[in-house]
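**Q** Need a 3D model of the sequence below.
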Amino acid sequence: MRANSLIELDRDHLIHPVISWKGHEARGATVLQSAKGATLTDAEGHTLLDGFSGLWCVNVGYGHESIVEVAAEQMRRLPYATGYFHFSSEPAIRLAARLAELAPGDLNHVYFTLGGSDAVDSAVRFIRYYYNVTGRPAKKHMIALERGYHGSSTIGAGLTAIPAFHDGFDAPTTLQHHIPSPYPYRNPAGDDAAVIAASVAALKAKVEELGPDNVAAFFAEPIQGSGGVIVPPDGWLKAMREAARDLDILFVADEVITGFGRTGPLFGVEHDGVVPDLMTTAKGLTSGYSPMGAVLMSDRIYRAIADHAPAGKPIGHGFTYSAHPVSAAVGLEVLRLYTEGGILENGRRAGERFGAGLARLADHPLVGDVRVRGLLAGVELVTNKAKRTKPSPDLGISGHLARFGYKNGVIFRAFADDIVGFAPPLCCTDDDIDTLLARFEQTLNDVLDVADVRAALA
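**A** Numbers count the residues shown, from 1 in each chain. All right, here's what the predicted structure looks like:
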């Protein structure tokens, strides 16, 4: 089918996520056709270096035949197996066991979901159930960070603190609350130690405001992804985890973006040596080849739920496609590629090269801040470096970035508040990294050449 015909069918029938529907009708879709390694090709034959791994997820890169083969073999042998009625399948069992082996601390119990949003929803339901059956039903309030992202489902969107996911959706609920992001570049607290102290104080103050007996949990990403790739100071996550323990609330690490080598180690919490009570994952779990997410639960929480649930009654939470055998088989092979196939180690090397290259762009007239951990990065643009002035919305910086980036053959995330997000595949070669950096620098120069943008810097 011709690309134009596909674009018209898309315009008439396919609803896209997180986009202006009328704006999409006017623009039309960019139809992606094929991919290999870190490179995508669209229906017009235009090649693009994918500096965002699809949507933070294709960590091992495109075109791994071994993943295709295990998926096909599992489809032939057992394409579906329910997890209800005590049924199970070998791939799901082995994947749960492997995740428990690789996860930090005592996160030994795994509930599989279809993705990150329903992993967060599942975590919320498990937390509610835990407090209800252990005799503390008042503990219902949950706290997250400003600029945080925890999915766009009915519950998770309220924990998310990005306006587009609230406006018109009656979110957040009265049981969902937010404290300031650490955001070192724009945090008035000052140095790293002061930023950490301010976050701990904010969490304690919010719990005191709500009442210690009413607060259930604190949710945090090791690095805030969709909020602008906010990298907290070293020690921040550990301090927040310890504060949550002192406050007698559960600590939930949302590793949907940061998990599976994205920041260097397999999980982002490892950077601070943190073991959460629950951990949500998705994206890199199957590297986007098949839908899957997971909630990892500590021994303590699992045991409390199992032992205190009403005898003989089912714990009423489940999805038709939980522990899907094909996705589980894909997940096992992806984990093998990370650990035995060299992908994790390659990602660490590529991350060092990427971070050094981005740091060199800090002198660009438009660049105010560069923040990197592993192969996860944010570049914040400003019109006055000394004053850290955000560009006027009238300049349409994000639109210019997307347009010039496509022309230059590179994909990144152009956030609406003039932050550029990067999450290249862990399979990137040195040449991939150098090409990505060169094309991004050209894109910055192209934006700088826009008359209104250059005038705003004058």
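
**Q** Low-confidence ranges, the stretch 301-450 of the chain, go.
**A** Along the stretch 301-450 of the chain, segments meeting pLDDT under 70 are nowhere present.

**Q** so where do the strands sit in it?
**A** With DSSP state E, counting those that start in this stretch as the criterion, the stretch 301-450 of the chain has strands at 367-373, 376-381, 410-411, 413-414, 419-422.

**Q** will you turn those into CSV that also has distance to Ala323?
**A** C-beta here means a position set from N, CA and C on the backbone, and glycine is covered the same way. Converted to CSV, these look like this (distance: least, CB to CB, whole Å):
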stretch, distance to Ala323
strand 367-373, 31
strand 376-381, 28
strand 410-411, 32
strand 413-414, 31
strand 419-422, 31
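
**Q** could those strands be laid out in TSV, adding distance to Leu457 and mean neighbour count?
**A** Listed next are the strands of the stretch 301-450 of the chain as TSV, based on distance: least, CB to CB, whole Å; neighbours: other CB atoms under 10 Å:
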stretch	distance to Leu457	mean neighbour count
strand 367-373	12	20
strand 376-381	11	25
strand 410-411	23	24
strand 413-414	19	22
strand 419-422	17	24
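
**Q** which stretch among the ones you listed comes nearest Glu340?
**A** strand 376-381 (23.2 Å; CB to CB).

**Q** Which strands and helices lie in contact with the closest one?
**A** Strand 376-381 is packed against helix 343-360, strand 367-373, strand 419-422, with contacts defined by 3 or more CB pairs under 8 Å, 6 or more residues apart in numbering; DSSP states H and E.

**Q** and the gap between Tyr131 and Ser153?
**A** The gap separating Tyr131 from Ser153 is 21 Å, by CB to CB, to the nearest Å.

**Q** again but with Gly225, I slipped
**A** Gly225 sits 17 Å away from Ser153, going by CB to CB.

**Q** Show the contacting residues for Gln224.
**A** If a contact means CB atoms under 8 Å, 6 or more residues apart in numbering, then Gln224 has 145, 147-149, 181, 230, 232 as its contacts.

**Q** what's the answer for Tyr321, then?
**A** Contacts of Tyr321 by CB under 8 Å, 6+ apart are 114, 291, 327.

**Q** so which of those comes closest to Thr443?
**A** Pro291 (31.4 Å).

**Q** rewinding a little: between the helices and strands packed on strand 376-381, which gets nearest to Leu48?
**A** Minimum separation from Leu48 across the helices and strands packed on strand 376-381 (CB to CB) falls at strand 419-422, 13.8 Å.

**Q** So what are the sheet partners of that closest one and their directions?
**A** Next to strand 419-422 in the sheet, as set by DSSP bridges, lie strand 376-381 (antiparallel), strand 413-414 (antiparallel).

**Q** Just put those strands in a markdown table and tack on distance to Val110.
**A** Formatted as a markdown table, the strands paired with strand 419-422 follow (distance: least, CB to CB, whole Å):
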| stretch | distance to Val110 |
| --- | --- |
| strand 376-381 | 24 |
| strand 413-414 | 29 |
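
**Q** Out of those strands, flag the one nearest Val252.
**A** strand 376-381 (19.5 Å).

**Q** orientation of that closest one relative to strand 367-373 in degrees?
**A** On the basis of axes from the mean of the first three to the mean of the last three CA atoms, to 10 degrees, strand 376-381 is oriented at 170 degrees to strand 367-373.

**Q** Report the separation between Leu395 and Phe87.
**A** Where Phe87 is concerned, Leu395 sits at a distance of 57 Å (CB to CB).

**Q** who's more crowded, these two?
**A** Just comparing Leu395 and Phe87: by other CB atoms under 10 Å the higher neighbour count belongs to Leu395, 18 against 10.

**Q** and the gap between that one and Leu457?
**A** Per CB to CB, Leu395 is found 10 Å from Leu457.

**Q** residues bridging contact with the two, i.e. touching both?
**A** Listed as contacting both Leu395 and Leu457 by CB under 8 Å, 6+ apart are Thr383.

**Q** As a check, name the ranges of all helices in the stretch 151-300 of the chain.
**A** Assigned by DSSP state H, counting those that start in this stretch, the stretch 151-300 of the chain shows helices spanning 156-159, 192-210, 236-246, 299-308.

**Q** Which of those helices sits closest to Leu401?
**A** helix 156-159 (25.8 Å).

**Q** The residue lying closest to Glu255 once chain neighbours are set aside: neighbouring residues, count only.
**A** Of all residues beyond its chain neighbours, the one nearest Glu255 is Thr281 (5.0 Å), with distances taken as CB to CB, 6 or more residues apart in numbering. Counted with other CB under 10 Å, the neighbours of Thr281 add up to 28.

**Q** Report the contact partners of Thr281.
**A** Counting by CB under 8 Å, 6+ apart, Thr281 has contacts 116, 119, 255-256, 259-260, 293-296.

**Q** Could you double-check that Leu285 lies in contact with Ala294?
**A** Yes: contact criterion CB atoms under 8 Å: Leu285 and Ala294 qualify, at 6.3 Å.

**Q** So for those two, which sits in the more crowded spot?
**A** Just comparing Leu285 and Ala294: by other CB under 10 Å the higher neighbour count belongs to Leu285, 32 against 28.

**Q** Outline the domain layout of the protein.
**A** 31-63+342-457, 66-339 (automatic domain parsing).

**Q** circling back to that earlier point, looking at the contacts of Tyr321, which has the most residues close by?
**A** Tallying neighbours with other CB under 10 Å puts Ser327 at the head of the contacts of Tyr321, with 25 neighbours.
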